[in-house]
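S.K.: Give me coordinates for this.
(2 chains)
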Amino acid sequence: MGQVDQTSVPTKIVVIGNGMAAGRAMEELFAKQRPPLQVTVFGAEPRVNYNRIMLSPVLSGEKTFEQIIIHDEAWYAKHCVRLRSGQPIVAIDRKAKTVVTSGGDQVPYDKLVIATGSQPFVIPVPGANLEGVVTFRDLDDVEKMHAAAATGGNAVVIGGGLLGLEAAAGLALKGMKVSVVHLMPTLMERQLDPSAGYLLEKAISERGIDVYTKANTEAILGSDRVTGVKLKDGAILPADLVVMAVGIRPNFGLGKAAGLDCNRGIVVDDWLRTSDPDIFALGECVEHRGQCYGLVAPLYEMAKVLASELAGEKPSGFVPAVTSAKLKVTGIDLFSAGDFSDDDENNEIVLRDPARGIYKRVVIHDNKIIGAVLYGDTEDGGWYFDLLKKGEDVGAIRDTLIFGQAYQGGSPLDPTAAVAALPDDAEICGCNGVSKGSIVAAITSGGLATLEDLRAKTKASASCGQCTGKVELLLAATLGESYESSGRKPMCKCTDLTHEEVRRLIKTKPLKSQPAVMQELGWKTSGGCPSCQPALNYYLLCDWPLEYKDDYQARFINERVHANIQKDGTFSVVPRMWGGVTSAAELRAIADVVDQFKIPMVKVTGGQRIDLLGVKKQDLPAVWAQLIANGLMSGFAYGKSLRTIKTCVGSEFCRFGTQDSTGLGIKLEKLMCGAWTPAKLKLAVSGCPRNCAESTVKDIGVICVDSGYDLHIAGAAGLHVKATDLLGHVDSEEEALEYIAAVAQKYREEANYLDRLYKWVEKTGLEHVRRAIMEDHDNRKALYERFLLSQRVARKDPWAERVAGRDLHEFMPLAVISRIAAE
Amino acid sequence: MHDVKTYWFDCGPVTAIPLRGARTVVTPRREIAVFRTANNDIFALENKCPHKGGPLSEGIVHGHKVACPLHNWVFDLESGEALAEKACVRTFPVKIERGRIYLDMGVAASG
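M.R.: All right, here's what the predicted structure looks like:
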């Protein structure tokens, strides 16, 4: 203790910044045994230290400013801290060891602490500096928002993260009509996975707040005051107030100007020391091991380390702790912690209760919890977080972990026993109000032994189908070994529902995104698997062509890069050749591309077009660019989509030709190109019954005859060979086009993903298709209209999109190393 | 064991690889596939399936696994081992520092 006596002159500590990090550091410091100190605090805001994260309840009116003050005047007085609020520091003189205030005062320090926090990021769009555009950082911002809300009107919040949503909810409570504009596909994507993000969006929308995701702000409109927000897609949202809540940037200009090492923030070591040994920094303004922070928990950890360091102790350094997040919007319960981005079904446990809007997911690695996302019921958030932080082995309780802390100690039941143990009045089918008792009675006394019979008699699982799994378990439990499973095949291991049931529910509920399908239909995994993802992507694309946005990550490599991968990793490129007809100019363009890119093989395909084989992946965009420049486009030879329309020459040249088969083929291809289908779709048009285009082994084939056109469907010449069935006859070319597009649309809307057209007809029956197309004229016209609507979006050239720059990184190596320095 | 020097080569920022995606690093001796999983882990494997030489970098990344685009052999990104077959693809040391990917070319470029 002799040391303390020697330093009779107190150490002068100057703190720049009076936010939560600095406040907590002082609190920790004053609680310690320490040498005498003289602390001076400079705050840019003209007020005492308050709890910034509680500004949201102040905005919504649920709290007053006084209620969120952390340190009042008396606290500063008690600890002999000189508080100089409203006096920003403008410079640090490291040589003289002084700081300079905006008023020109020079204040000396022995140790300096920089805690200048962060600044809200303002996206640099036209109009960002208009009157009425605010950020959400301090009490002044809240007061501006209160003033705007007093007159009602429209508010647009840019940014659907934690802060943006709290601002939106607060403004809505204050009576404004609020819209949230968010760049990413789901809200709060940094804290929530897509399933929880979906539920959150639903809850926010239910509060009357309009949510626009995947929305990019182009400009803020208005001449002197803000009047609206314009999005990149052209939509204009009226606005009297715009709140920018798109993130924060460390505020480190002062440190940088003083010559301290800075990167994204002021660089500090584990003891929060900057490159100057007498200057420390903490909070949102620092960068520690490449990381900057915006949540309060790690800042408080920093405060502990710094206080200990300033008190002359030898603390172990700052270790960034796992953080958890909660949204402070009354009535919305969500919790997330740790790393939850692993979507491997073996590493996660998922529990969904669609009826109650509950979603829980715990991510496990090596028997330890590494992340958790909870929505709707967050009671166990703290428990999971505790297990996570302590790194406890949860192997022994893995089976019951997801049911929460209260359930632990109970013994896990196998699913059949669990259903059997339910009381008779337990409701199994929520849609039709069918109890366990009545189902069991139908089985035992009614003699029903199959799911189909039960559905017909009791209506159990006959509506939405979510309880299908439970009903099947009841059958198994009641009939014991004599129960033979119905053989119905669930779509994949993520669900008990079949493809047909999922397709029906997507339409009837309606469900318009992958997270919506997975949550509302009780998926057993968080993000699906490689088998259901492409199927759902197709179903949604088919049913909601104008609303659903294609998800490339859910597609196989060929559909992702619009070319066919070959055995040596090169790709093949097939341009569209309408009806198999080409021209000198097209052939010349193809020849030039072949020469220029040294394409090793050019081959005529079975579908009457030209295949360029052996194209290197990195050459694809350049090859496409050159083909497009000469009027060619993607032939979709790689997709579950319309492939080729094979034709013979027909009446134009052939002496047997009865109709212009080539012309019809071209018209069909122009009508249908770009359409995604459950599996590949091949057509052919033959000019006479000699059938040179082999129409009778295609998915859809046309045979021209003197009196018109015979329409054939459901042929195949692949793994299976099958001749087509005659669907019917039409008299005119216009009818042929309409009828064929209608068949294609019916197939698109009804078939299971990956079922070729003949498979679908095999399942539904030719008569079902014939009646819908040939007899029910209103229905056919409606199908045709829906096909045209979908084509409005689909009929585009994906090659052109790639050439224009979409995901160009796909085609280039990350790095090319020609020689190694170390060798 | 022959003497191999550690030589960390900066391959660029983590964000240059799409989530659940991969890109290649071309070296004189071999092509290396660098994967980025959904939870931001990075792995480096020889870009060549032991079955028929398929480019693993084009496969669908799922959890910590990748499926070869040619015949769907699935490999563990961490160990390089095939899941259902007796086969293994070589892995290479890789690390992330300050958001950038470093590949140990001492190993990756040697035999």
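S.K.: how deep is the residue in chain B that chain A sits nearest to tucked in, by neighbour count?
M.R.: Among the residues of chain B, B:Gly63 lies closest to chain A, at 2.3 Å counting by C-beta to the nearest C-beta. To be clear about C-beta, it is placed using only N, CA and C from the backbone, and glycine gets the same treatment. B:Gly63 is flanked by 20 other residues according to other C-beta atoms under 10 Å in any protein chain shown.
S.K.: tell me the mean pLDDT for stretch A:498-511?
M.R.: Here stretch A:498-511 scores 92 as its mean pLDDT.
S.K.: Now find how far off-centre it is within its chain.
M.R.: Here stretch A:498-511 is found 21 Å from its chain centre; the criterion is C-alpha atoms, centre = their mean, to the nearest Å.
S.K.: hang on, the earlier thing: give me the distance between the residue of chain B closest to chain A and B:Glu78.
M.R.: 11 Å (C-beta to C-beta, to the nearest Å).
S.K.: could you measure A:Ile439 against A:Glu427, distance?
M.R.: 10 Å.
S.K.: Compare those two (neighbour count), which wins?
M.R.: Ranked by neighbour count (other C-beta under 10 Å), A:Ile439 and A:Glu427 place A:Ile439 first, with 26 against 12.
S.K.: Packing partners of the worst-scoring helix or strand of chain B on mean pLDDT?
M.R.: Lowest mean confidence among the helices and strands of chain B (mean pLDDT, DSSP states H and E): helix B:105-108, at a mean of 79. Helix B:105-108 sits against strand B:8-13, with contacts defined as 3 or more C-beta pairs under 8 Å, 6 or more residues apart in numbering or on different chains; DSSP states H and E.
S.K.: tell me the mean pLDDT over the strand it packs on?
M.R.: Across strand B:8-13, pLDDT averages out at 90.
S.K.: strands paired with that strand, and their directions?
M.R.: Strand pairing for strand B:8-13, determined by DSSP bridges: strand B:100-104 (antiparallel).
S.K.: what's the strand it pairs with in contact with?
M.R.: Identification of contacts with strand B:100-104 by C-beta atoms under 8 Å, 6 or more residues apart in numbering or on different chains yields A:814, B:6-14, B:16-17, B:25, B:32, B:34, B:42, B:44, B:92-96.
S.K.: one more time with 6 Å, if that's ok
M.R.: The contact list for strand B:100-104 (C-beta atoms under 6 Å, 6 or more residues apart in numbering or on different chains) reads B:Thr6, B:Trp8, B:Phe9, B:Asp10, B:Cys11, B:Pro13, B:Val14, B:Ile42, B:Ala44, B:Pro93, B:Val94, B:Lys95.
S.K.: could those residues be laid out in CSV, adding neighbour count?
M.R.: As requested, those are exported to CSV (neighbours: other C-beta atoms under 10 Å in any protein chain shown):
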residue, neighbour count
B:Thr6, 10
B:Trp8, 16
B:Phe9, 20
B:Asp10, 11
B:Cys11, 24
B:Pro13, 13
B:Val14, 17
B:Ile42, 19
B:Ala44, 25
B:Pro93, 14
B:Val94, 23
B:Lys95, 12
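S.K.: from the residues you listed, which is closest to A:Arg806?
M.R.: Nearest to A:Arg806, judged by C-beta to C-beta, of the contacts of strand B:100-104 is B:Pro13 at 19.7 Å.
S.K.: dump the residue contacts of the closest one.
M.R.: Applying C-beta under 6 Å, 6+ apart to B:Pro13 gives the contacts B:Gly99, B:Arg100.
S.K.: Kindly state the beta-bridge partners for it.
M.R.: B:Arg100.
S.K.: burial measure for A:Gly159, as a count.
M.R.: 27.
S.K.: Pretty sure it sits against A:Ala245.
M.R.: Yes - under the criterion of C-beta atoms under 6 Å, A:Gly159 makes contact with A:Ala245 at 3.8 Å.
S.K.: what is in contact with these two at once?
M.R.: Contact with both A:Gly159 and A:Ala245 is made by no residue, according to C-beta under 6 Å, 6+ apart.
S.K.: and the most centrally placed residue in chain A, what is it in contact with?
M.R.: In chain A, the residue lying closest to the centroid (C-alpha atoms, centre = their mean) is A:Pro185, at 4.5 Å. Taking C-beta under 6 Å, 6+ apart as the criterion, A:Pro185 is in contact with A:Thr213, A:Lys214.
S.K.: any idea which element it lies in?
M.R.: For A:Pro185, there is no enclosing helix or strand under DSSP states H and E.
S.K.: Check the one 4 residues further on too.
M.R.: Counting by DSSP H and E, there is no helix or strand that carries A:Glu189.
S.K.: Tell me the spacing between it and A:Trp523.
M.R.: The gap separating A:Glu189 from A:Trp523 is 19 Å, by C-beta to C-beta.
S.K.: Which one's more surrounded, these two?
M.R.: Between A:Glu189 and A:Trp523, A:Trp523 has the larger neighbour count (other C-beta under 10 Å), namely 26 against 17.
S.K.: interface residues of chain B facing chain A?
M.R.: Residues of chain B lying close to chain A (C-beta under 6 Å from any C-beta of the partner chain) are B:5, B:7, B:11-12, B:20, B:23-27, B:34, B:38-39, B:55, B:58, B:60, B:62-63, B:69, B:98, B:105-106, B:109.
S.K.: Write a ChimeraX command that selects only the buried members of these.
M.R.: Here is the ChimeraX command that selects the buried residues among the residues of chain B next to chain A (16 or more other C-beta atoms under 10 Å in any protein chain shown):
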select /B:7,11,12,20,23,24,25,26,27,34,38,39,55,58,60,62,63,69,105,106,109
